[in-house]
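Chemist: Just a sequence and a predicted model for now, questions to come.
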Amino acid sequence: MKNTPKLHRRSFVAGLAAATLGLPQSARAQAWPQQRPIKLIVPFAAGGNIDVMGRLMAARLSESLGQQVIVENRLGGGGIVGTEAVVRAAPDGYTLLWASTNVVAIVPAIQKAPYDPIKDFAPVSLLGVSPQVLLVNSKIPAKTVPEFVAWVKAQPQKVAYGGGGGPGSASNLIMALFLKRAGLEMTSVSYRGTAPALTDLIAGHIPTTFVPMSEAYAQSSNPNVRILAVSSATRSKRIPDVPSIAETYPGYNAVSWTGMLAPAGTPKPIIDKLSGEMIRAVQDPKFIDNLTTNGVDAAAEGPEKFAEMIAKEILIWAEAVKIAGVKIEQ
């Protein structure tokens, strides 16, 4: 007799699960999320800026949805392994991708990726954008973008710049877009990541480089470094006194961004619910402060606008890859 209630509960849960699976897709979507964790795959290592943003969003969604959202770091292939895992997942709202510029726009422009960034995903929402920052060694006389352009053009030999992360990195591609727009020719010096490039900039071994906002801000009081501009279309909330490159070259906009994608075919009610929660999150001043502290300007948008942005980003970074002369891997 003591086991009867437990058996009844098991039978009830099993029956409920069977009944739910038998419902039409729209009905199952309305019941989402049920008593089951939601997995948010971050295709990069823990601790980086993309991972930090993903964890902030996961914590927020866990609270607002009343269901646990677990971050899973799935590494490999420069983000390909984790991204492909989401493509292969069931489109039921329980496996999501914490996407970024790299896996959506840069990787497919450089190599043949095992996924289509448009056809294989359902956009949920952008979370925010993170401009990179044009830094120069303080011995360089230029204090503005026009002065820097004039200084480079006046040099008898090509000026070098730090390509932190190698030819296909965001910083190197952002520099390529800037050089094209400014009509400059410079020589790229490749580094294994931003940190060694920044070290050489501080030491005066290279005159300039682009670095992510969080790393640039950490050097804002360093007398050996000068911040010239941000790569976004508008000024960043983190350093509002620093002009954007677009103030000199209208239309210039090259930023890193993070947002959420779901497998293609995920029911629209689920997409809309997730998107709505993300948009509500960036209306919270405390949440916005967390983003700003990490060098991200909040910019959540709905699925339609995010899809439009992704289409534009794919074109921008494909152009950057071409300008930078990065070899496309087949």
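Modeler: Right, received. Where do you want to start?
Chemist: surely Pro114 meets Gly82?
Modeler: No - with contacts defined as Cβ atoms under 8 Å, Pro114 does not count as touching Gly82, sitting 11.9 Å away. For the C-beta atoms, the positions are set from N, CA and C on the backbone; glycine is no exception.
Chemist: between those two, which one's more packed in?
Modeler: Gly82 (21 against 14; other Cβ atoms under 10 Å).
Chemist: Backbone dihedrals for that one, please?
Modeler: Here is the backbone geometry of Gly82 (degrees, to the nearest 10): phi -70, psi -40.
Chemist: Tell me, how many residues neighbour Glu301?
Modeler: When neighbours are counted by other Cβ under 10 Å, Glu301 registers 20.
Chemist: In this structure, which strand is the longest?
Modeler: Secondary structure assigned by DSSP state E gives strand 121-137 as the longest strand of the chain.
Chemist: Just the CA trace of the helix or strand containing Leu173, in CSV.
Modeler: Assessed by DSSP states H and E, Leu173 sits inside helix 170-182. Listed next in CSV are the C-alpha coordinates belonging to helix 170-182 (Å, rounded to 0.1, in the frame of the first residue of the first chain):
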residue,chain,number,x,y,z
ALA,A,170,37.9,39.9,-35.7
SER,A,171,40.5,42.5,-34.8
ASN,A,172,42.5,41.8,-38.0
LEU,A,173,39.3,41.9,-40.1
ILE,A,174,38.1,45.1,-38.5
MET,A,175,41.5,46.7,-39.2
ALA,A,176,41.2,45.5,-42.9
LEU,A,177,37.8,47.2,-43.2
PHE,A,178,39.2,50.4,-41.7
LEU,A,179,42.3,50.5,-43.9
LYS,A,180,40.1,50.0,-47.0
ARG,A,181,37.8,52.8,-46.0
ALA,A,182,40.6,55.2,-45.1
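Chemist: quick one: it to chain centroid distance?
Modeler: Mean C-alpha position of helix 170-182 versus that of the full chain (Cα atoms, centre = their mean, to the nearest Å) differs by 18 Å.
Chemist: right, and the helix or strand after that helix?
Modeler: Following helix 170-182 in sequence, per DSSP H and E, is strand 186-191.
Chemist: tell me the angle that next one makes with helix 170-182.
Modeler: Here the directions of strand 186-191 and helix 170-182 differ by 180 degrees (axes from the mean of the first three to the mean of the last three Cα atoms, to 10 degrees).
Chemist: all strands of the protein, in order?
Modeler: Secondary structure of the chain (DSSP E): strands located at 38-42, 69-73, 95-100, 121-137, 159-164, 186-191, 208-212, 225-230, 255-263, 297-298.
Chemist: Can you name every helix or strand that the last one contacts?
Modeler: Spelled out, it's strand 297-298. When contacts are defined as 3 or more Cβ pairs under 8 Å, 6 or more residues apart in numbering; DSSP states H and E, strand 297-298 packs onto strand 121-137, helix 285-293.
Chemist: most neighbours per residue, which of these?
Modeler: Scoring those by mean neighbour count under mean count of other Cβ atoms under 10 Å gives strand 121-137 as the most buried, with a mean of 26.
Chemist: Now do the helix holding Leu173: which elements does it pack against?
Modeler: strand 121-137, strand 159-164, strand 186-191, strand 208-212, helix 303-324.
Chemist: give me that answer again for 6 Å
Modeler: strand 159-164, strand 208-212, helix 303-324 (3 or more Cβ pairs under 6 Å, 6 or more residues apart in numbering; DSSP states H and E).
Chemist: so the second one versus strand 186-191, what angle?
Modeler: Orientation check (the same axes, to 10 degrees): strand 208-212 against strand 186-191 gives 50 degrees.
Chemist: Mind listing residues that contact stretch 163-178?
Modeler: Applying Cβ atoms under 6 Å, 6 or more residues apart in numbering, the contact partners of stretch 163-178 are 110, 132, 161, 188, 190-191, 193-194, 197, 209-210, 231, 254, 256, 320, 323-324, 326.
Chemist: one step back: could you dump the helices and strands packed on strand 297-298 to JSON lines with mean pLDDT and distance to Glu313?
Modeler: Formatted as JSON lines, those follow (pLDDT from 0 to 100; distance: least, Cβ to Cβ, whole Å):
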{"stretch": "strand 121-137", "mean pLDDT": "96", "distance to Glu313": "10"}
{"stretch": "helix 285-293", "mean pLDDT": "93", "distance to Glu313": "19"}
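Chemist: where in the stretch 151-300 of the chain is pLDDT low?
Modeler: The model of the stretch 151-300 of the chain has no residue with pLDDT under 70.
Chemist: how about a cut-off of 90?
Modeler: The model of the stretch 151-300 of the chain has pLDDT under 90 over residues 156-157, 163-168, 190, 192-194, 213-221, 237-238, 293, 295.
Chemist: The nearest residue to Met260 once chain neighbours are set aside and Ala307, how far apart?
Modeler: Nearest residue to Met260, sequence neighbours excluded (Cβ to Cβ, 6 or more residues apart in numbering): Val124, at 3.9 Å. Using Cβ to Cβ, to the nearest Å, one gets 10 Å for the distance from Val124 to Ala307.
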